[in-house]
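# need a 3D model of the following:
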Amino acid sequence: MAADLYSNISTILPVTSTEPSWVSVQTPSATEEIPELWGFITAGIAILFFGSNFVPVKKYETGDGMFFQWIVCSAVMVVGIIVQLIRKQPPFFPIAMIGGVVWELGNVCVVPIVKTIGLGLGICIWGMINLLSGWSTGRFGFFGLTASVPHNEVMNYIGVAMCVFSAIVFSFVKNEITPIDNMESEPLISQGSSTNIQEMNIDESFIDRMSPGAKRALGLILCLFSGLMYGQMFTGATYIQDHRANFPGASLNGLDYVFSCFCGIYLTSTTFFCIYIVIMKNKPKIYPKVILPGIVSGVMWGIATSCWFVANRSLSIPVAFPIVTAGPSVVASLWGVLVFKEITGKRNLLILMFGFAIAIGGAVLAGVSKN
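So this is what the prediction gives:
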C-alpha cells in the first residue's frame, strides 16, 4: 500500500532524473504521465482556493487596489519559489513568463472596471471571456499550440455553453454588502491638503468626468481585454510542452512552469506599482492591515493556479478550463450565503440554486467529455 501511495504522489512531484537537464526528452516518461484522477483532484483544489482566496481580505480596506495587488503578487511569487524548490529547480523558460505578464495586464484593469460597471457585472463578463479565451486556445490550437480535441466534442461544447450561461445567471444575484468594520479607514500615508487629494485621485477624477455611457463602454472594453488576458495565462507553458523538441529539458509536468509564470506576474506587478508610486508623487495609498490578509490571499491563489497547471496537462485545457473557471463562483456564493449572509431572500436563493445546477452540470459534462 505504501508503495502504491508513493507511486501516486510521484506522478505529481516525481524525483528528478539523473539525466542532465539539457537533454531533450521526446516521449513522456512514466513519472511525467499524470493520472486523470489527479487532474480532477487538483481541479477541485483550484476551485476551492479560487473561490475562497478573497475571504481573508473581506473585512479590510484595500484602497485603490494597487498596493493590495502587489502584496498578493509578492505572495504568489513566494509560492512559485517553493514549487520550484520542490521540483528540484527544473529549467527556467522565459516564454512561460509571458503567461504571467499577460495575466497581470488583465489584473490591473480590475479597479477601473469596478469603478465603471461594478464588480458583479465585471466578474461575470471577464469570467466568461476568460473561459472562452483559454478554452478556445487549447481546443483549436491558437498561437502555435497543438489542438486538443475532447473525446466527446458535442458534450464538451454543451458543458462550456452551460458554464458560460451560469456566469450570466450569477450576475442576477443581488448581494447585500455590509460596511467594512475597520479602524484603519485612512491610508498610512495621508494626503494632507485637498490639492494633494485631487492629485492622488487622477484615475478616479478621469472616470468621474466621463458620461454614464462612456463609463459603461470603457468598463465593457476593459472587461473584454481583462478576460482575454486571463485566458492566456497558460499559453506560454503549453507551447513549450507541445514543442519540447525545441526546448531542451522541458517536461510535461505543469508544475515545472509555475515559477516562470509567477516571475512574469511579480515583475509586471512590481513595474505597475512603481509607475503608480511615481504618478502618485511618492504618496501611494498604503493600508498596513491588509498586508497579512493579502499574503494569505496570494498564497491561496498561487496554490490554486499551481493545481490548475496540473489539471490542464492531466485533463487537457478544453476540459479543465470550464471546470476551474465555473466552480469558484459556486464556492464564493456559498461563502456569501453561509458565512457572510450577503445573499438572502427567496428570489436570490432560487437564482443561486439555478446557477449552481447549471455550473455544476456544465463542469460535469466538460469532465465526462474527456472519456
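# so Ser329 touches Gly127, yeah?
Yes. Between Ser329 and Gly127 a contact is recorded at 7.2 Å, counting by Cβ atoms under 8 Å. C-beta coordinates here come from the backbone N, C-alpha and C atoms, glycine included.
# list residues touching both of the two?
Common contacts of Ser329 and Gly127 (Cβ atoms under 8 Å, 6 or more residues apart in numbering): Ala167.
# for Ala147, which non-adjacent residue is spatially closest?
Gly141 (3.3 Å; Cβ to Cβ, 6 or more residues apart in numbering).
# what's the burial count for the one you found?
Neighbour count of Gly141, defined by other Cβ atoms under 10 Å: 15.
# next one: Phe273
A count of nearby residues for Phe273, using other Cβ under 10 Å, gives 19.
# on the three-state scheme, it is what?
Of the three states, Phe273 takes helix under DSSP: H, G, I helix; E, B strand; the rest coil.
# how about it: what's its closest non-neighbour residue?
Using Cβ to Cβ, 6+ apart and skipping the chain neighbours, the partner closest in space to Phe273 is Trp70 (4.3 Å).
# any idea which helix or strand carries that neighbour?
Trp70 belongs to helix 66-86 when assigned by DSSP states H and E.
# ok, residues contacting that helix?
13, 57, 62, 90, 104, 107-108, 110-111, 255, 258-259, 261-263, 265-266, 269-270, 272-273, 276, 284-287, 290-291, 294-299, 301-303, 305-306.
# all helices of the stretch 201-350 of the chain, in order?
With DSSP state H, counting those that start in this stretch as the criterion, the stretch 201-350 of the chain has helices at 202-208, 212-230, 235-242, 258-279, 291-315, 317-338, 346-368.
# now those helices in TSV, with distance to Phe172?
Shown next, in TSV, are these (distance: least, Cβ to Cβ, whole Å):
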stretch	distance to Phe172
helix 202-208	25
helix 212-230	17
helix 235-242	32
helix 258-279	32
helix 291-315	26
helix 317-338	12
helix 346-368	5
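# picking up where we left off before, what is the neighbour count of the residue nearest to Phe273?
By the criterion of other Cβ under 10 Å, Trp70 has 20 neighbours.
# roughly how far does it sit from Thr146?
As defined by Cβ to Cβ, to the nearest Å, Trp70 lies at a distance of 35 Å from Thr146.
# ditto for Ala214
Counting by Cβ to Cβ, the gap from Ala214 to Thr146 is 42 Å.
# for Asp64, same thing?
With distances taken as Cβ to Cβ, Asp64 is found 41 Å from Thr146.
# out of these two, which sits in the busier spot?
Between Asp64 and Thr146, counted using other Cβ under 10 Å, the more crowded position is Asp64 (19 against 12).
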